[in-house]
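**Q** I would like the atomic coordinates for the input below:
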Amino acid sequence: MMRQMKKLVWCALTVLCVGTAFASELADKLKQPRYALLMRHTLAPGVGDPAGYTLKDCSTQRNLSAEGRQQAVRVGQWLRQQGVANAQVLTSPWCRCKDTAGLLDLGGFTIRSEEHTS
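**A** Okay, here's the model as predicted:
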């Protein structure tokens, strides 16, 4: 039993160290102008949008949950902690995407209508 526990702790520490190394490498690359971070909106439970949705009315769309809003804030905080304080943020016109972009708090965002699918 103790041997299995030691293996589990070792695996957890390895994953933590490797994850930190990858995060640090990502942060370093994001500070360079030739790199971009492509991310999907944060948690918006469900799939697709309800029938009859319109892009101009957020109440007709699938939106971020409270957890999704918190995720976006945490991602923005992490990026700022890594030295990425300002970024060119492009988003599609869906409310869940605009909300994610705004909650990142990286100096605003630009809505790109060609970034969406119909």
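
**Q** averaging pLDDT per element, find the lowest-scoring helix or strand in the protein.
**A** The weakest-scoring helix or strand in the chain, judged by mean pLDDT, DSSP states H and E, is helix 2-30 (a mean of 53).

**Q** can you give me the helices for this structure?
**A** Shown for the chain, the helices assigned by DSSP state H span residues 2-30, 66-81, 95-104.

**Q** Ser65 against Leu43, yeah?
**A** Yes - the pair Ser65 and Leu43 passes the contact test of C-beta atoms under 8 Å, sitting 5.3 Å apart. C-beta: built from backbone N, CA, C; applies to glycine.

**Q** spatially nearest residue to Gly68, not counting backbone neighbours?
**A** Leu43 (3.4 Å; C-beta to C-beta, 6 or more residues apart in numbering).

**Q** and that neighbour, how far from Thr91?
**A** Distance, Leu43 to Thr91, using C-beta to C-beta, to the nearest Å: 16 Å.

**Q** give me the more crowded residue out of those two.
**A** Shown here are Leu43 and Thr91; by other C-beta atoms under 10 Å, Thr91 has more neighbours (20 against 16).

**Q** what residues does the more buried one make contact with?
**A** 97-98, 100-101, 109-112, 115 (C-beta atoms under 8 Å, 6 or more residues apart in numbering).

**Q** neighbour-wise, give me the winner out of those residues.
**A** That'd be Thr100 among those, by other C-beta under 10 Å, with 27 neighbours.
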